[in-house]
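Chemist: mind folding the following:
(one chain, ligands or ions: 1)
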Amino acid sequence: PPGTVLDRDGTLVIAGCSVTDLAERFGTPALIVDEAALRGRARRYADGLAARWANSRVAFASKAFPCTAVYRLLAAEGLSIDVAGGGELALALAAGVDPATLVVHGNAKTDAELALAVQAGAGLIVIDNFDDIDRLEQLVTGDRRQSVLVRVTPGIRPDTHAAVSTGQEGSKFGLTLPQARKAIARLRASDVLRLDGVHVHIGSQILDTEPFVRAVEAVADLGTFDVYNVGGGLGARYTYGDTPPSVEEYLDALVDAARRGLPRGARIMIEPGRSLVAEAGVTLYRVATVKHGEPVFVAVDGGMGDNLEVALYGQRFEATVATRVGGGDPCHLVGRHCESGDLLSVDVPLRDPRPGDLIAVPVTGAYCYSLANNYNGALRPPVVFCRDGEARAVVRRETYDDLRRRDLP
Ligand code: LLP
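Modeler: Predicted coordinates:
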């Protein structure tokens, strides 16, 4: 991954920090984040979009990595923040994010969540259904009109896992094009809501640009607005075999489509999650045991408690012995959980793996922290930011006490 090199002994070094030192200091499993890689990616997105389309805005889809330090870092880089529901909204506010930069999503927003968003002064609330409009019209009082976008489902099915496809016909998200036209007409007549524009998000881990182009064309067809938010969805490069478009290729395709179909002065927003944070993260594990047989099982001290991507979506990850990088015989890298689906990597070449070895699984910055869980009483790992050889924990490891914190006597 970006920012990683090998030292003279063949040990992985992340942002100047040796993984051996990191594991000693913070324990395993641990999610290590290369701060410069994260900032670099944010800049490529923000500067890249601004260079192609002046009136533009990048919002971080924070569901991919919702912790205070990541909110602060990306807000400091000038990004807006997309939140899905009251929890992420409250976290972002507590992290000090400017409410005017918030984009509030949700296909089942409650009264309380909408009230929190309105009271906080959230910049944009995304209308997913007609009940959102009814509720907001009740909630919004006073002089400030609440700006909203209408989310449409354009009937586009990108080539990705069905569970992370959202723009297809029959999706639970957003409004169909005819429904969206009705919502738009209704909002244009509203005294308390201000229709700023439209929103579309077709899915995640998308590995070519063509579906994004079609999404831009679909929103262009809905009429003239101030804002066109075309969502996120660009895929990350998890394995050597993955070839997602680069950020620049993606932006080129989007903006080409925008030049053909969107009004000149309109604002383009995008909401990358995965492709912004995935490659900045590396998870470190320690090998608990090696079972020699057919196949060879290398079992580590984490697994589906800290990385559900494999079990839920069949996502493939590379992995390496962090002190003997590269090469080796194919092994099944498995977790410690009581389920056969608890795999981290199948047939991954590991060089002479032994109990006590450190294993690095790169590209774990997206959706691993947010989908982490306590299955089998596993403790969720710390998050450690590394920069120029300095490491600091920004989220601590859970303790056994945390596991019973919500239990009532
Ligand atoms: N905007 C909206 C409205 C979204 O629903 C999402 C992701 C994004 C932006 C960011 O998409 P990205 O750039 O990250 O692809 N749980 C799954 C991922 C589901 C993504 C859902 N929506 C996983 O762990 O892989």
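
Chemist: list the contacts of stretch 6-24.
Modeler: Residues from elsewhere that reach stretch 6-24 (Cβ atoms under 8 Å, 6 or more residues apart in numbering): 1, 3-5, 30, 32, 34-37, 282, 284, 286, 320, 322-325, 358, 360, 384, 386-391. (Each C-beta comes from the backbone N, C-alpha and C, glycine too.)

Chemist: show me the contacts for S345.
Modeler: With contact set as Cβ under 8 Å, 6+ apart, S345 has these partners: 310, 316-319, 332-333, 361.

Chemist: in helices only, show me the contacts of stretch 6-24.
Modeler: Judged by DSSP state H, the contacts of stretch 6-24 include 35-37 as members of helices.

Chemist: distance check, G48 against D347.
Modeler: Separation of G48 from D347 (Cβ to Cβ, to the nearest Å) stands at 36 Å.

Chemist: so which of those two has more stuff around it?
Modeler: Neighbours per residue, other Cβ atoms under 10 Å: of G48 and D347, the larger number sits with G48, 19 against 12.

Chemist: residue contacts, the more buried one?
Modeler: Per Cβ under 8 Å, 6+ apart, neighbours of G48: 247-248, 251.

Chemist: in TSV: these, plus distance to the ligand and pLDDT.
Modeler: Shown next, in TSV, are the contacts of G48 (distance: Cβ to the nearest ligand atom, whole Å; pLDDT from 0 to 100):
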residue	distance to the ligand	pLDDT
V247	11	98
E248	16	98
L251	13	98
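
Chemist: out of those residues, which is most surrounded?
Modeler: Counting neighbours by other Cβ under 10 Å, the top entry in the contacts of G48 is L251, with 27 neighbours.

Chemist: ok, now which ones touch that one?
Modeler: Residues in contact with L251, defined by Cβ under 8 Å, 6+ apart, are 45, 48-49, 52.

Chemist: the residue nearest to it when sequence neighbours are not counted and Y71: what is the separation?
Modeler: Nearest residue to L251, sequence neighbours excluded (Cβ to Cβ, 6 or more residues apart in numbering): G48, at 4.9 Å. In this structure, G48 and Y71 are 22 Å apart, going by Cβ to Cβ.

Chemist: that older thread, so which of the contacts of L251 wins on neighbours?
Modeler: Per-residue neighbour counts (other Cβ under 10 Å) across the contacts of L251 peak at Y45, which has 26 neighbours.

Chemist: for that one, grab phi and psi.
Modeler: Dihedral pair for Y45: phi -70, psi -50, per degrees, to the nearest 10.

Chemist: ok, and the closest non-adjacent residue to it?
Modeler: Distances taken as Cβ to Cβ, 6+ apart put V58 closest to Y45, at 4.8 Å, once the chain neighbours are dropped.

Chemist: now do stretch 143-154: distance to the chain's middle.
Modeler: Its chain's average C-alpha position is 23 Å from that of stretch 143-154, according to Cα atoms, centre = their mean, to the nearest Å.

Chemist: going forward, count from 271.
Modeler: In the new count, where the first residue is 271, that last one comes out as stretch 413-424.

Chemist: longest strand anywhere in the protein?
Modeler: The residue-count maximum for a strand in the chain (DSSP state E) belongs to strand 551-561.

Chemist: and S288, bridged to which residues?
Modeler: Here S288 sits in beta bridges with V283, going by DSSP bridges.

Chemist: gap between it and V570?
Modeler: Using Cβ to Cβ, S288 is found at 19 Å from V570.

Chemist: neighbour count: the two, which is higher?
Modeler: More crowded of S288 and V570, by other Cβ under 10 Å: V570, with 25 against 18.

Chemist: can you give me the distance of the closest residue to that one other than its chain neighbours to L344?
Modeler: Nearest non-adjacent residue to V570, counting by Cβ to Cβ, 6+ apart: Y555, 3.6 Å away. Y555 sits at a distance of 27 Å from L344 (criterion: Cβ to Cβ).

Chemist: G412 now?
Modeler: As judged by Cβ to Cβ, G412 and L344 stand 31 Å apart.

Chemist: neighbour count: the two, which is higher?
Modeler: It is L344, of G412 and L344, that has more neighbours when counted by other Cβ under 10 Å, with 27 against 7.

Chemist: and whichever strand or helix holds the more buried one, anywhere near the ligand?
Modeler: According to DSSP states H and E, L344 maps onto helix 338-346. No: against the ligand, helix 338-346 shows no contacts by Cβ under 6 Å from any ligand atom, the least distance being 13.1 Å.

Chemist: what is the helix or strand just after that helix packed up against?
Modeler: Remark: after helix 338-346, the chain's next helix or strand is strand 350-354, criterion DSSP H and E. The contact analysis (3 or more Cβ pairs under 8 Å, 6 or more residues apart in numbering; DSSP states H and E) places strand 350-354 against strand 326-331, helix 338-346, helix 356-364, strand 372-375.

Chemist: so which of those is nearest S441?
Modeler: Proximity to S441, assessed across those by Cβ to Cβ, is greatest for strand 372-375 (13.9 Å).

Chemist: elements contacting that closest one?
Modeler: strand 350-354, helix 356-364, helix 381-390, strand 394-397.

Chemist: so which of these gets nearest G501?
Modeler: strand 350-354 (9.0 Å).

Chemist: partners of the closest one in the sheet?
Modeler: Sheet pairing here is set by DSSP bridges, and for strand 350-354 it gives strand 326-331 (parallel), strand 372-375 (parallel).
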